[in-house]
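Peer 1: generate a structure from the sequence data that follows.
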Amino acid sequence: MEEQIIRTEYSELMQKSYIDYAMSVIVSRAIPDVRDGLKPVQRRTLYDMQELGTFYDRPYRKCARIVGDTMGKYHPHGDTSIYDALVVMAQDFKKGQILVDGHGNFGSIEGDEAAAMRYTEARLAKITQEVFLKDLNLDIVNFLPNFDETEKEPEVLPVRIPNILLNGSEGIAVGMTTSIPPHNLGEIVDAVKAFLKDSDMTDRELMKYIKGPDFPTGGIVVNQADLLNIYETGQGRIRIRGRVEVEKGKNGKLALVITEIPYTMIGAGIGKFLNDVAELVETRKAPEIIDISNQSSKEGIRIVLELKKGTDTEKLKNLLYKKTRLEDVFGVNMLVVAGNRPETCSLKKIIEQHVDFRFEICTRKYQKLLAAQLEKQEIQEGLIKACDIIDLIIEILRGSKNQKQVKDCLTMGITEGIKFKKAASRKAAEKLCFTQRQATAILEMRLYRLIGLEILALQKEYQETLAKIAEYEDILNNYDSMTNVIIKDLEAIKKEYAVKRRTELANAEAAVVEEEPVAEYPAVVLCDRFGYIRMVDPAVYERNKEAADKENRFILNIMSTDRLCVFTDAGNMHTIRADKIPLGKFRDKGVPIDNLSGYSSAKEAIVSMDSMESIKASKMVFVSSDGFIKLVEGSEFDVSRKTIAATKLADESVRLIQAAVIRDYDYLVLKSADGYFLRMTLKEIPDKKKTAIGVRGMRLNEGEVLDAAYLVAGRVEYIIEYNEKQLSLNKLKLGKRDSRGVKVRM
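Peer 2: Reported below is the predicted structural model:
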């Protein structure tokens with residue numbers, strides 16, 4: 001066959017491929033289906049657990065077995081994603097209602113991870129079995145082929161409550177995210193019942209039943225007034241506070257006890273909160289706290305902050321709300337998959353979608369049940385009729401040569417080949433017209449069914465069957481009857497599984513903390529070669545000037561209200577408020593710069609540092625190891641962010657070797673690793689933006705780099721040690737930018 005070359009626009013091909021990939025991630029992985037509120041990995045795991053028989057009233061099964069079976073049959077995306085989904089469905093501090101009953105170490109609210117799947121065991125929770133998986137055998141949802149078409153899996157589970165609201169969901173897809181808070185089961189049921197009775201209800205009216213989110217960690221939602229807009233649009237921000245109680249201790253001391261935390265603090269957030277409180281104490285913003293202890297256990301959260309006598313607890317609470325994660329924000333984005341496409345839904349839209357789905361599965365269920373009862377009716381009518389003419393049927397059976405003759409006679413009245421004792425019997429047999437199903441039931445009927453009581457029981461069953469048929473037909477043909485069935489089902493679920501609301505809803509004013517203005521005073525910043533930084537009084541520095549100059553790499557005069565700017569060889573600038581730097585004695589060790597800023601000594605090295613006031617008042621010169629230089633207006637660095645890119649470097653192999661305020665300097669001297677020096681005037685260096693690479697300062701050979709750059713004043717001699725001799729940079733030959741410079745041999 002001749003090869004065919006299909007020409008296509010590359011950008012169009014990439015666009016289509018990316019859109020296909022994005023939709024696959026959105027629909028098949030990260031975003032839950034609005035009908036059952038589950039992502040594919042969760043749905044497949046629960047279905048596989050049912051297939052394995054891990055029911056709530058049976059022994060637990062190893063999670064490794066569940067994960068392996070799910071991965072092999074339905075979800076070929078690695079065991080980690082399956083086990084992680086299984087663990088989350090078993091964590092009562094993450095889900096409004098757990099769907100998996102876990103046995104063993106399934107992690108903790110403080111961020112401890114679950115044990116390996118070979119150690120833990122699980123089974124279905126009762127609600128999952130009764131509310132999520134019930135009636136799957138009645139063909140009430142569509143089944144699809146699995147990834148290799150060797151098994152069938154449900155397209156969606158026949159969940160009987162809006163699980164998307166009950167347990168919420170969080171997921172990150174391509175270009176979009178979903179974040180839905182959990183809600184209270186009883187309130188959800190009441191809202192659905194009300195909607196079934198009046199489908200014209202608005203979001204505001206539905207909120208008479210669903211007051212707001214109900215987080216498993218409790219807490220207090222403090223912007224209740226914003227909830228209506230959030231539920232109408234499907235997007236918004238919920239502010240949550242932890243619950244803080246004041247307890248009296250010994251000797252009249254008070255203690256703040258945190259018994260509930262914001263939902264967003266689950267995991268590492270608790271450790272971060274404790275560190276933030278400790279930092280408030282260290283920086284003397286919360287000197288009233290004398291001890292911090294985490295007394296949390298399986299019984300619940302209990303974080304105790306012991307206080308000094310006479311502490312203003314309300315003021316301290318506001319400080320904790322403002323400066324720690326004790327008050328946090330839960331971002332709501334109610335994005336779901338509806339009709340195989342992502343859609344941001346309002347509260348009403350979600351309930352409406354659930355009700356439509358509920359009617360669909362109920363219709364399919366009762367159609368299936370009706371068909372079974374109609375079949376049963378047909379058989380029962382045949383058996384009752386057979387009991388009335390049992391003598392004739394026995395005569396047909398005794399006179400027939402095989403089963404086919406009997407069936408043909410019973411269904412079509414064919415009597416050829418059958419011996420009858422009486423001619424009247426043959427005539428009666430020719431009038432028989434049982435159905436195939438009835439004929440089969442007659443042939444399988446046992447003789448004990450001919451007992452009088454058994455015949456009466458059969459007639460009673462027949463009447464019950466007729467009653468069920470009438471009931472099912474009424475449900476299928478009458479909207480109100482179907483609605484009543486769904487409402488009764490919801491009431492039973494509420495009675496069995498509803499719990500009291502855990503999250504309080506309120507309207508509270510934003511926490512206000514009046515910070516005292518920073519006292520303005522001069523100080524000297526000292527930073528040693530190990531990256532430890534501290535401030536001392538200028539008088540202390542002057543008394544110890546010789547030792548300070550010898551022991552420290554950077555020495556800088558600064559005001560306490562200023563900011564310290566630290567430039568690193570990675571081209572970054574890290575900003576530190578001067579009042580955050582500890583002020584102490586000359587022999588104090590100080591603190592690592594890593595603790596005060598985004599700087600990491602493991603990834604980058606400090607090149608220079610200066611005060612923001614000095615930088616704003618002048619220009620800065622930047623020199624990189626590949627020979628590029630530039631001047632930048634200092635005002636460009638006056639930003640609010642703690643860490644920014646101070647300059648652009650050509651690639652990761654290039655390092656920044658100089659970043660300095662030009663002040664009263666006249667010349668820039670560049671030194672290459674091969675011993676070439678180039679002295680040029682600062683006027684030759686063009687002004688650039690901080691996002692620019694710059695211009696070439698010195699021509700370098702291939703593989704050669706700059707290893708030093710010096711700023712030199714015209715009237716002050718600048719001497720360096722080079723090859724163990726003294727070299728005056730002022731006496732170097734003046735060159736031009738973008739030249740080779742001179743080779744210095746000493």
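
Peer 1: could you point out which element follows the strand or helix carrying residue 84?
Peer 2: The secondary structure element spanning residue 84 is helix 79-89 (assigned by DSSP states H and E). In the C-terminal direction, the helix or strand that comes right after helix 79-89 (DSSP H and E) is strand 100-103.

Peer 1: any buried residues in that next one, and which?
Peer 2: Judged by neighbour count (16 or more other Cβ atoms under 10 Å), strand 100-103 contains these buried residues: 100, 101, 102. From N, CA and C alone the C-beta is placed, and that goes for glycine too.

Peer 1: where does the protein dip in pLDDT?
Peer 2: Counting by pLDDT under 70, the ranges of the chain that qualify are 1-2, 16-28, 447-450, 452-453, 511-518, 746.

Peer 1: quick revisit: same for the helix holding residue 84, what does it pack against?
Peer 2: Using 3 or more Cβ pairs under 8 Å, 6 or more residues apart in numbering; DSSP states H and E as the contact criterion, the elements in contact with helix 79-89 are helix 40-52, helix 63-73, strand 100-103.

Peer 1: recalculate using a threshold of 7 Å.
Peer 2: Applying 3 or more Cβ pairs under 7 Å, 6 or more residues apart in numbering; DSSP states H and E, we find helix 79-89 packed against helix 40-52, helix 63-73.

Peer 1: pull the residues that contact that helix.
Peer 2: In this structure, residues lying in contact with helix 79-89 by Cβ atoms under 7 Å, 6 or more residues apart in numbering are 41-42, 45, 63, 66-67, 70-71, 75, 94-95, 98-100, 106-107, 114, 117, 122.

Peer 1: swap in stretch 651-659?
Peer 2: The list of residues contacting stretch 651-659 from outside it, by Cβ under 7 Å, 6+ apart, reads 567, 569, 571, 607-608, 620-626, 646-647, 649, 706-709.

Peer 1: return the set of buried residues in that stretch.
Peer 2: For stretch 651-659, the buried set under the neighbour-count rule, 16+ other Cβ under 10 Å, comprises 654, 655, 656, 657, 658, 659.

Peer 1: repeat for stretch 214-226
Peer 2: Going by neighbour count (16+ other Cβ under 10 Å), the buried part of stretch 214-226 is 214, 215, 216, 217, 218, 219, 220, 221, 222, 223, 224, 226.

Peer 1: check stretch 86-103 too.
Peer 2: 86-91, 93-102.

Peer 1: from the chain's centre, how far out does that stretch sit?
Peer 2: Shown here is stretch 86-103, whose average C-alpha point lies 15 Å from the average C-alpha point of the whole chain (Cα atoms, centre = their mean, to the nearest Å).

Peer 1: output that stretch as PDB, nothing but the C-alphas.
Peer 2: Backbone C-alpha positions of stretch 86-103 (Å, rounded to 0.1, in the frame of the first residue of the first chain) are rendered in PDB as follows:
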ATOM      1  CA  LEU A  86      -9.200   4.900  49.700                       C
ATOM      2  CA  VAL A  87      -7.500   6.600  52.700                       C
ATOM      3  CA  VAL A  88      -9.300   9.900  52.200                       C
ATOM      4  CA  MET A  89     -12.700   8.100  52.000                       C
ATOM      5  CA  ALA A  90     -11.900   6.600  55.400                       C
ATOM      6  CA  GLN A  91     -10.800   9.800  57.200                       C
ATOM      7  CA  ASP A  92     -13.600  11.200  59.300                       C
ATOM      8  CA  PHE A  93     -11.800  14.500  59.700                       C
ATOM      9  CA  LYS A  94     -11.800  15.100  55.900                       C
ATOM     10  CA  LYS A  95     -15.200  13.700  54.900                       C
ATOM     11  CA  GLY A  96     -18.600  14.800  56.100                       C
ATOM     12  CA  GLN A  97     -19.500  11.100  56.000                       C
ATOM     13  CA  ILE A  98     -16.900   8.400  55.700                       C
ATOM     14  CA  LEU A  99     -17.500   5.900  52.800                       C
ATOM     15  CA  VAL A 100     -14.900   3.300  53.900                       C
ATOM     16  CA  ASP A 101     -14.500   1.700  57.300                       C
ATOM     17  CA  GLY A 102     -10.800   1.600  57.800                       C
ATOM     18  CA  HIS A 103      -8.900  -0.600  60.300                       C
END
